[in-house]
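In: Provided below for reference: sequence and predicted model.
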Amino acid sequence: QVQLVESGGGLVQAGGSLSVSCATSRHTFRNYVVGWFRQAPGTEREFVAGLAWSGGGVNYGDSVKGRFTISRDHAKNTVTLQMNSLRPEDTAVYYCAAKIYGTFPSPQARVYDYWGQGTQVTVSS
């Protein structure tokens, strides 16, 4: 069983920046695709960004392109989502997800096998 642990998040004013990171109970994300999703109350879970750890393929949801950046840290075995120019509509619980194998991160939540507990990101206007 793979456990994912998110960290970061919090409260920020509109226009500000935050980052969230995902770590795994395994020693490495090698051969995994790691994605970030978010869910606001009363809405569907939305794909934010993802990357294929070994292949390096990256994908972003349309609503965050140009503002968010996903990256990996080989030394720390973490995947970080840097969020800039935050808007109130970015407010949600952000979840890290992972699936083994893959060269391109799918935006479909159903294909991911492992999920973190989520971390709250709140953007005030």
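Out: Ah, there it is.
In: and the most centrally placed residue in the chain, how far is that from residue 125?
Out: The residue lying closest to the centre of the chain (C-alpha atoms, centre = their mean) is residue 36, at 2.3 Å. Distance of residue 36 to residue 125, computed by C-beta to C-beta, to the nearest Å: 23 Å. No exception for glycine: its C-beta is placed from N, CA and C like everyone else's.
In: just checking, residue 54 touches residue 31?
Out: Yes. Using C-beta atoms under 8 Å, residue 54 is in contact with residue 31, at 5.4 Å.
In: okay, these two: which has more neighbours?
Out: residue 54 (16 against 12; other C-beta atoms under 10 Å).
In: And the pLDDT at that one?
Out: In this prediction, residue 54 carries a pLDDT score of 87.
In: and what of residue 8?
Out: 95.
In: Can you tell me, leaving aside adjacent residues, what's nearest to it?
Out: Closest residue to residue 8 apart from its sequence neighbours, by C-beta to C-beta, 6 or more residues apart in numbering: residue 20 at 4.0 Å.
In: ok, which stretches of this structure are helices?
Out: With DSSP state H, there are no helices along the chain.
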